[in-house]
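S.K.: quick one, what's the 3D model for this:
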Amino acid sequence: MTNITKIIVTLDFLEFPDTYTCRGGNRTPAINIKNLDAGSVAIMVFNPFIKTCCSFTPWIIWNLPPLSRIPEGIPKEPIVTYPVQAVQGKNDYGTIGYHGPCPPDGEMHRYQFRVYGLDSMLDLPPGSGKDELIQAIKGHVVQYGETVALAR
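M.R.: Coordinates of the predicted model:
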């Protein structure tokens, strides 16, 4: 069994600015990662507050290079070449790429950004879902960290 080391994951905010929500620009936020020493990065974002399920996933992305800052504004494309190279999957909205927080009026939701440092790139086709990504990263996770942000 591989020993998984901790990475420190942060966002530039504690509560989502409108720019990163469905009410604003719906842009991906920048993600800061410290102590990263991996071959590639995979990210899954979860909203555990959706009442119809246990963990609603508005974004999955993998084969990111091991950068200390994943840039904001990643387009909703299966294969991304700018501002960073990556592959994106189908979120729980049924679309490719990031879908910003959109809680009902009067509710506050917590979004978990889970970052996995992997020992290699994944051989996983664009548009795959979270279950396929979870299967693909098994045995490849060498680092892990997470952070949370609130959305109203």
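S.K.: so where is this structure shaky, pLDDT-wise?
M.R.: Along the chain, segments meeting pLDDT under 70 span 1-2, 49-54.
S.K.: all the helices of this structure, residue numbers only.
M.R.: All helices of the chain, identified by DSSP state H, fall at 130-137.
S.K.: residue boundaries of the strands in this structure?
M.R.: 5-6, 8-10, 31-34, 40-47, 56-64, 69-70, 79-80, 86-88, 109-118, 141-151 (DSSP state E).
S.K.: sheet partners, orientation included, of the third one?
M.R.: So that's strand 31-34. Strand 31-34 has the following strand partners under DSSP bridges: strand 8-10 (antiparallel), strand 69-70 (antiparallel).
S.K.: please export the C-alpha coordinates of stretch 120-138 as PDB.
M.R.: The C-alpha coordinates for stretch 120-138 follow below in PDB (Å, rounded to 0.1, in the frame of the first residue of the first chain):
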ATOM      1  CA  SER A 120       1.000   9.300 -13.300                       C
ATOM      2  CA  MET A 121      -1.500  10.700 -15.900                       C
ATOM      3  CA  LEU A 122      -4.800   8.700 -16.100                       C
ATOM      4  CA  ASP A 123      -5.900   6.700 -19.100                       C
ATOM      5  CA  LEU A 124      -9.500   7.900 -18.800                       C
ATOM      6  CA  PRO A 125     -11.600   9.200 -21.600                       C
ATOM      7  CA  PRO A 126     -13.000  12.800 -21.500                       C
ATOM      8  CA  GLY A 127     -16.600  12.900 -20.400                       C
ATOM      9  CA  SER A 128     -16.200  10.100 -17.900                       C
ATOM     10  CA  GLY A 129     -18.200  10.400 -14.700                       C
ATOM     11  CA  LYS A 130     -17.100  10.500 -11.000                       C
ATOM     12  CA  ASP A 131     -17.500   6.700 -10.500                       C
ATOM     13  CA  GLU A 132     -15.100   6.100 -13.400                       C
ATOM     14  CA  LEU A 133     -12.600   8.700 -12.100                       C
ATOM     15  CA  ILE A 134     -12.800   7.100  -8.600                       C
ATOM     16  CA  GLN A 135     -12.000   3.700 -10.100                       C
ATOM     17  CA  ALA A 136      -9.200   5.200 -12.300                       C
ATOM     18  CA  ILE A 137      -7.300   6.900  -9.300                       C
ATOM     19  CA  LYS A 138      -7.300   3.700  -7.200                       C
END
